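> Structure for the following, please:
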Amino acid sequence: ANLLTVSGNFTDTNRVFFIAENITAVLDGMTITGGSTEEVGAGIVSLIGAHLTVRNCVVTGNRDPGYGAGIANWGGTLIVSDSIVSDNQALFYDYGAGGIWNYAFAPDHKTYIGATLIVRNSTISGNLAYGSVGGGILNEAGNMTITSSTISGNIADGGGGYGGGGGIYTYNAPDFPGSA
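Below is the predicted model:
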């Protein structure tokens, strides 16, 4: 992550990376910072059917009033490997996932489409979900596997009566087979 820094310069409409539906992409060996958007995924957003690998990267210093300030995986597959996701901030009350958001529903928010998050040999730390849940990771009915990783120092300061999940907040959608 020392070779290249890609920054959104904290303007209100500059998400750093947008991975469109059904695209396969690898981000390797860079720092992703300064993303700010009024939607989801200020640092990176990966949409339905996409397959994104974030490897040897630092995703830091992104802020978002929506979900997934660092990385938002909406209905795709996200692999975070040998990376750091730190100091990202989801700043709108009742919207979570300072670090990573893994969301398994279609844009109608009712139809289950699945989502997969795999975190390996990585650190998720110092992320904030203001007034919400999932400071480090918010997993909404997706499949999630975390191995050989550190999740520490993340904050979710409550919201909507939920509270909790400073490190990880996950819930299952029992009516949908295959959800976490």
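
> all contacts plus neighbour counts: C-alpha atoms, from now on.
OK.

> could you point out which element follows the helix or strand hosting W101?
For W101, the element it lies in under DSSP states H and E is strand 100-103. Where DSSP H and E defines the elements, the next helix or strand beyond strand 100-103 is strand 116-120.

> list the buried ones in that next one?
Using 16 or more other C-alpha atoms under 10 Å as the test for burial, strand 116-120 gives 116-117, 119-120.

> any idea which of the residues you listed is closest to T13?
Checking those against T13 by C-alpha to C-alpha gives L117 as the nearest, at 25.8 Å.

> isn't the closest one right up against E140?
No: contact criterion C-alpha atoms under 8 Å: L117 and E140 do not qualify, at 10.7 Å.

> any shared contact partners between these two?
Counting by C-alpha atoms under 8 Å, 6 or more residues apart in numbering, the shared contacts of L117 and E140 are N102.

> Name all residues that make contact with the residue positioned nearest the centre of the chain.
The residue lying closest to the centre of the chain (C-alpha atoms, centre = their mean) is I100, at 1.9 Å. Listed by C-alpha under 8 Å, 6+ apart, the contact partners of I100 are 68-73, 136-138.

> and those as TSV, adding pLDDT and neighbour count?
Compiled in TSV, the contacts of I100 are given as follows (pLDDT from 0 to 100; neighbours: other C-alpha atoms under 10 Å):
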residue	pLDDT	neighbour count
G68	89	37
A69	94	39
G70	96	39
I71	97	30
A72	96	29
N73	98	32
G136	95	37
I137	96	33
L138	94	30
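
> Tell me what the nearest residue to T147 once chain neighbours are set aside is bridged to.
Nearest residue to T147, sequence neighbours excluded (C-alpha to C-alpha, 6 or more residues apart in numbering): R120, at 5.0 Å. Judged by DSSP bridges, the bridge partners of R120 are S81, T147.

> From S81, how far out is R120?
From R120 across to S81, the span is 5 Å (C-alpha to C-alpha, to the nearest Å).

> do A69 as well
Computed as C-alpha to C-alpha, the A69 to S81 distance reads 18 Å.

> next one: T5
Distance from T5 to S81, by C-alpha to C-alpha: 18 Å.
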